[in-house]
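[1] Next comes the sequence, and after it the predicted model I'd like to discuss.
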Amino acid sequence: MTTHDDLDRVLGDWLAEGPVHVPEHLVGATLQHARSHPRRPDPLRVLRRDPMAGRSRFAPLGIAPVPLMAAIGLLLVAALGVSLVGGQRDDVPVPLPSTSGDPSAVPSPNLSLSPSASPGPSFPIRVELQTSSAATMLVEVTDASGLLVDARSGLPAEGGSVPLGEVSSTNVDDSTVELTWTDAACDIAYALDIETTTSMTLRSPVCSGDTIALDRRLLLEFSVPVDAAEIQVQVVGSAEGASPAP
């Protein structure tokens, strides 16, 4: 079988001699070579210039005009798409998914939260009573009713006005009462236990000192209205050596 290089050489020699007729054996060899060496498909065939086609203004590039224009058009479309996608504004709000069809997705208010109540007083409440004496007189107040808001000293007058072993009560306002009792002038610490707004116990230790009698006044403020006329205070202890002022 004649190889590709042999065929080129034989054709070259034949064309150089300028024959008028092609020998039969040369035609047979050419056909045999074409059958045994089929051309492979060229994927870029549409972009290559046809050597048999007429020359055009695209001929120097060696590219067919129609495929070239198609390729350029595709590139322009791709560039336009990239510019449109990249040029979108960043501040355009993104719509949130609707929750109208799912009631469980709607947050419900937390009904368990409520404003915290103001802390009550810390018991026992220690109150230093104001008197005209230089002696220190304290009263320690405890509350079992849960209604006491505050305890503080009142402003007593000179001398004593209440019989020994007794406690008087008057209203300052609807929810505040003033307790008054008389004892000798001495350093002393009392204890007042409040069971209810109308039942109380005053523990009074023995006051050893001079015979000057002085009033002690204690203001009690409750969270509810209190009628001072209904208050009963039991005095436990003694206050010997003191006598009310005449």
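    Nice, I can see it.
[2] Show me where this protein has its strands.
    125-128, 137-143, 148-153, 168-173, 176-184, 188-196, 199-204, 213-222, 232-237 (DSSP state E).
[3] Rebuild those as CSV, extending it with mean pLDDT, mean neighbour count and distance to residue 80.
    C-beta coordinates here come from the backbone N, C-alpha and C atoms, glycine included. Formatted as CSV, the entries for those read as follows, by pLDDT from 0 to 100; neighbours: other C-beta atoms under 10 Å; distance: least, C-beta to C-beta, whole Å:
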stretch, mean pLDDT, mean neighbour count, distance to residue 80
strand 125-128, 96, 15, 84
strand 137-143, 96, 19, 84
strand 148-153, 96, 18, 79
strand 168-173, 97, 14, 85
strand 176-184, 95, 22, 85
strand 188-196, 96, 18, 88
strand 199-204, 96, 19, 93
strand 213-222, 95, 22, 82
strand 232-237, 94, 14, 97
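[4] Enumerate every residue touching residue 157.
    Going by C-beta atoms under 8 Å, 6 or more residues apart in numbering, residue 157 touches residue 215.
[5] Could you pull up phi and psi at it?
    phi -90, psi 180 (degrees, to the nearest 10).
[6] Next, find the distance separating it from residue 186.
    In this view, residue 157 and residue 186 are 19 Å apart by C-beta to C-beta, to the nearest Å.
[7] With adjacent residues omitted, what lies nearest to residue 150?
    When the adjacent residues along the chain are set aside, residue 150 lies closest to residue 221, with 4.4 Å between them (C-beta to C-beta, 6 or more residues apart in numbering).
[8] surely that neighbour meets residue 176?
    Yes: with contact defined as C-beta atoms under 8 Å, residue 221 and residue 176 form a contacting pair (4.6 Å).
[9] what's the overlap in contacts for these two?
    Contact criterion C-beta under 8 Å, 6+ apart; no residue bridges residue 221 and residue 176 by contacting each.
[10] and residue 7, which of the strands of the chain is closest to it?
    Proximity to residue 7 (C-beta to C-beta) singles out strand 148-153 among those, at 122.6 Å.
[11] Listing partners with orientation, what would you give for that closest one?
    Strand 148-153 sits in its sheet next to strand 213-222 (antiparallel), going by DSSP bridges.
[12] Tell me how this structure divides into domains.
    1-37, 41-68, 125-237 (automatic domain parsing).
[13] could the ones you listed go into CSV alongside distance to residue 78?
    Formatted as CSV, the domains of the chain follow (distance: least, C-beta to C-beta, whole Å):
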stretch, distance to residue 78
domain 1-37, 39
domain 41-68, 16
domain 125-237, 80
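[14] where in this structure is pLDDT low?
    The model of the chain has pLDDT under 70 over residues 1-4, 14-23, 26-27, 37-68, 82-120, 209-210, 238-246.
[15] So what's the residue count around residue 185?
    Counted with other C-beta atoms under 10 Å, the neighbours of residue 185 add up to 20.
[16] Do I have it right that it meets residue 135?
    Yes: under the contact definition of C-beta under 8 Å, residue 185 touches residue 135, with a separation of 5.3 Å.
[17] ok, so what distance separates residue 213 from residue 225?
    33 Å.
[18] Next: residue 185.
    Distance from residue 185 to residue 225, by C-beta to C-beta: 35 Å.
[19] Just give the closest residue to residue 172, not the sequence neighbours.
    Excluding its sequence neighbours, the residue lying closest to residue 172 (C-beta to C-beta, 6+ apart) is residue 178, at 5.5 Å.
[20] Same check on residue 231?
    In space, not counting the residues next to it along the chain, residue 231 is nearest to residue 169; the distance is 4.4 Å by C-beta to C-beta, 6+ apart.
[21] How about residue 212?
    Residue nearest to residue 212 in three dimensions, not counting chain neighbours: residue 185, with 4.6 Å by C-beta to C-beta, 6+ apart.
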